[in-house]
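>>> what's the 3D shape of this:
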Amino acid sequence: MLKEGTSAPAFSANDANGDPVRLKDLRGQKVVLYFYPKDDTPGCTREACSFRDAFAAFKKRGIEVLGVSVDSEASHKKFVAKYKLPFTLLADPDHKIADSYGVYGEKKFMGRTYLGVKRVTFLIDEKGKIKKVFEKVKPDEHASEVLEAFEN
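Okay, here's the model as predicted:
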């Protein structure tokens, strides 16, 4: 897992519309890069909707919100439409971005062990440095927690 103060690894991935998004193109902006396990599942939906509901506050502060999962562009497109998500979701089906940020690995759920994306958020400053890492994410409260962190 990456630590605060380190440089955020560069990446390029397609959004829900198939358009490429590169971190280097966002230099000069604050970025919320949040990793989540799967589109349209209970916790992930609550987390996405918390960002949706607080999106105006992020926009007002000039903060770009990017969600990343291993789901496909088509899955993201449905998720965005179903919940009217105003921010960008990135498809990482080969988990290259998740690997570079150290958030893909062994997980346990209901007595089962499997590989997947961990629910972790990185705040990246205008210079491309990781300002804060959230490893213990509570989906319902996360967006307000992230906004508060950017103000400190």
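>>> can we go C-alpha only for contacts and neighbour counts from here?
Will do.
>>> Report the central residue of the chain.
Geometric centre of the chain, nearest residue: Tyr34, 1.9 Å, by Cα atoms, centre = their mean.
>>> Is that residue bridged to anything, and to what?
According to DSSP bridges, the residues that bridge with Tyr34 are Gly67, Thr121.
>>> can you start the count at 235 instead of 1 from here on
In the new numbering, first residue 235, that becomes Tyr268.
>>> need the contact list for it.
For Tyr268, the set of contacting residues under the criterion of Cα atoms under 8 Å, 6 or more residues apart in numbering consists of 299-302, 353-356.
>>> farthest-separated two in those residues?
Comparing all pairs in the contacts of Tyr268 by Cα to Cα, the longest separation belongs to Val299 and Arg353, at 15.0 Å.
>>> So between those two, which is more surrounded?
Regarding Val299 and Arg353, a neighbour count based on other Cα atoms under 10 Å identifies Arg353 as having more, with 23 against 20.
>>> right, and that one touches Lys372 too?
No - counting by Cα atoms under 8 Å, Arg353 stays clear of Lys372, with 9.2 Å between them.
>>> Okay, strands next: where are they in the chain?
Under the criterion DSSP state E, the chain carries strands at the ranges 246-248, 254-256, 264-269, 297-303, 322-325, 338-343, 346-351, 354-358, 364-368.
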